[in-house]
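Q: here is my input; please provide its structure:
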Amino acid sequence: LRAQPPVPRLSAVAEDPNRLYAAGLDAGRPSAAVSGDDGRTWRATPVPVPAEPLVNVRLLVSVGHNADAWLVGDTNRTRFPTIWQYDGAGWEAVAATGHPDRYFSVAAAGEGVLLFTGPSGAGVVADGEYRVSDWPVAHADMRRLADGTLVGRVGDDIYLGIGNGLQRRWISVVLTRV
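A: Below you'll find the model as predicted:
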């Protein structure tokens, strides 16, 4: 890009139909920028300082015209992360009250929902709180596909979560050797 995002130590990028997002981590503090014109110009977006220095930062974006953008920061790889959601001007800290201590993976589910998996099962962060979920992906490593489908694998079983936000239908694909 001609115009580089004003982000020190750039380490994460993401896009939705309306914006490009860039984030980095410098001395444990996250920084981010957003472009609404395909990267021709960038605007630094404020990120509240986390309580502890971070070792990693990721951008997660859902799909669709009303996509959600999330900044997820780790103090270590398994402890529940610090979360911010983009509000159109900057990054708002998300409390996620009631969350477990540890997690395996996180994916943007859409409609203001993040899906978490971990040793204590599956759960979602929505409206500032963590809720335990009965989704069948408790110990899966979750990812979001380009169409918004959530996909996770546990052993030889693959789970596909079709839908948006909390409205998902789950399909299990079991792989066997012939």
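Q: quick check, central residue of this protein?
A: Residue closest to the mean C-alpha point of the chain, counted by Cα atoms, centre = their mean, is residue 60 at 3.5 Å.
Q: ok, now which ones touch that residue?
A: With contacts defined as Cβ atoms under 8 Å, 6 or more residues apart in numbering, the neighbours of residue 60 are 14, 69-70, 72, 106-108, 114, 144. (C-beta placed from N, C-alpha, C; glycine too.)
Q: from those, which land in strands?
A: Using DSSP state E, the members of the contacts of residue 60 that fall within strands are 14, 69-70, 72, 106-108, 114, 144.
Q: relative to residue 5, which of the residues you listed is nearest.
A: Distance to residue 5, by Cβ to Cβ, is smallest for residue 14 among the ones in strands among the contacts of residue 60, at 11.8 Å.
Q: any idea how far residue 159 is from the spatially closest residue to that closest one that is not a sequence neighbour?
A: Counting by Cβ to Cβ, 6 or more residues apart in numbering, residue 14 lies nearest to residue 59, which is 3.8 Å off, once chain neighbours are set aside. From residue 59 across to residue 159, the span is 24 Å (Cβ to Cβ, to the nearest Å).
Q: repeat that for residue 45.
A: Look at residue 45 and residue 159: by Cβ to Cβ, they are 34 Å apart.
Q: compare neighbour counts for those two and give me the winner.
A: Comparing residue 45 with residue 159 by other Cβ atoms under 10 Å, the one with more neighbours is residue 45, at 24 against 18.
Q: you'd agree the more buried one is up against residue 89?
A: Yes. Using Cβ atoms under 8 Å, residue 45 is in contact with residue 89, at 7.2 Å.
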